[in-house]
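Peer 1: no FASTA, just this:
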């Protein structure tokens with residue numbers, strides 16, 4: 001499958017959404033750059049246009065269901081159809097306040113992505129397409145070995161990963177493939193700044209990998225999930241210290257062993 005007409009949420013920031021939108025456009029896709037930050041979205045469009053691509057802005061607050069559904073309808077109407085949706089919008093990550101902002105995080109990272117997925121499925125019925133969700137390795141493990149983290153963020157990412165696997169049958173029944181990219185530490189400006197602030201000798205104790213996954217690598221992985229027609233309902237995990245991503249086996253139990261009670 002080739003990405004021709006795509007919508008990317010959270011594409012108005014300086015992170016992975018923008019990198020994915022630019023990658024799609026470089027491959028010839030027309031892209032709807034969707035973000036609450038419309039000024040940032042216009043900057044993404046400017047960069048795409050500068051590279052010779054095609055893109056338009058759609059302001060959207062993914063916490064508002066009607067806004068999400070109207071954005072999907074807008075993309076399908078303006079682009080003459082819709083074959084790819086990437087749900088990258090995410091609330092600010094706040095590990096320093098683990099008991100706060102739960103509703104905002106769930107509304108953005110989980111419910112917003114669920115609404116977008118549902119609306120995209122309806123828009124793609126009869127023609128097929130691909131939906132790429134964003135998970136996180138922080139939501140894979142059954143407990144943390146390092147202090148920190150955001151409970152609401154992990155709940156949201158675990159939910160969207162499970163939503164993805166449960167929709168695997170749409171690949172065969174409707175030609176709509178829903179997959180999920182599950183990155184580890186990604187070198188967004190915010191994350192890179194945090195890593196740089198930690199002394200090298202302290203990074204291992206805080207669970208920081210020796211290298212970060214680049215945003216270009218994330219964009220490559222998103223492109224693969226969007227175009228590989230053999231993938232449906234799969235979780236593609238990219239641990240930062242690994243050279244390439246790998247797929248969670250279908251039917252994986254989610255643990256290696258069990259402790260005796």
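Peer 2: Good, I have the coordinates. The structure displayed is predicted, hence computed values, not measured ones.
Peer 1: need the contact partners of stretch 115-122.
Peer 2: The contact list for stretch 115-122, computed with C-beta atoms under 8 Å, 6 or more residues apart in numbering, reads 7, 9, 62, 65, 68-69, 71-73, 82, 85, 87, 129, 131, 133, 163, 167, 170, 174, 176, 178. Yep, even glycine has a C-beta here, placed from its N, CA and C like the rest.
Peer 1: got it, and stretch 212-222?
Peer 2: Against stretch 212-222 from outside (C-beta under 8 Å, 6+ apart): 15-16, 19-20, 22-23, 86, 132, 181, 183-188, 191-192, 195, 236, 238, 240, 245.
Peer 1: narrow those to those that are buried.
Peer 2: Listed as buried from the contacts of stretch 212-222 are 15-16, 19-20, 22-23, 86, 132, 181, 183-188, 191, 195, 236, 238, 240, 245; burial here means 16 or more other C-beta atoms under 10 Å.
Peer 1: filter the residues you listed down to the ones in helices?
Peer 2: Applying DSSP state H to the buried ones among the contacts of stretch 212-222, the entries found in helices are 16, 19, 20, 22, 23, 191, 195.
Peer 1: closest to residue 49 among those?
Peer 2: When those are compared for distance to residue 49 (C-beta to C-beta), residue 22 wins out at 10.6 Å.
Peer 1: quick one: the closest one and residue 48 touch, right?
Peer 2: Yes - Residue 22 lies in contact with residue 48 (C-beta atoms under 8 Å); the separation is 5.8 Å.
Peer 1: so who does residue 39 touch?
Peer 2: Contact analysis of residue 39 by C-beta under 8 Å, 6+ apart lists residue 12.
Peer 1: next SSE after the helix or strand containing it?
Peer 2: Per DSSP states H and E: residue 39 is located in helix 38-50. Moving toward the C-terminus from helix 38-50, the next helix or strand (DSSP H and E) is strand 54-59.
Peer 1: who are the packing partners of that next one?
Peer 2: If you count contacts as 3 or more C-beta pairs under 8 Å, 6 or more residues apart in numbering; DSSP states H and E, strand 54-59 packs onto helix 16-26, strand 30-35, helix 38-50, helix 65-79.
Peer 1: what residues sit buried inside it?
Peer 2: Residues of strand 54-59 classed as buried: 55, 56, 57, 58, 59 (neighbour count, 16+ other C-beta under 10 Å).
Peer 1: spit out the contact partners of the closest residue to residue 37 other than its chain neighbours.
Peer 2: Excluding the flanking residues, the one nearest residue 37 by C-beta to C-beta, 6 or more residues apart in numbering is residue 12, at 4.4 Å. If a contact means C-beta under 8 Å, 6+ apart, then residue 12 has 18, 33-44, 57 as its contacts.
Peer 1: next one: residue 10
Peer 2: Residues near residue 10 by C-beta under 8 Å, 6+ apart: 16, 17, 34, 35, 62, 87, 88, 89, 90.
Peer 1: residue contacts, the fourth one?
Peer 2: It refers to residue 35. Residue 35 sits in contact with 9, 10, 11, 12, 13, 17, 41, 44, 57, 59, 60, 89, where contact means C-beta under 8 Å, 6+ apart.
Peer 1: what do you get for the fifth one?
Peer 2: Residue 62 makes contacts with 9, 10, 36, 68, 89, 107, 108, 112, 113, 115, 116, as judged by C-beta under 8 Å, 6+ apart.
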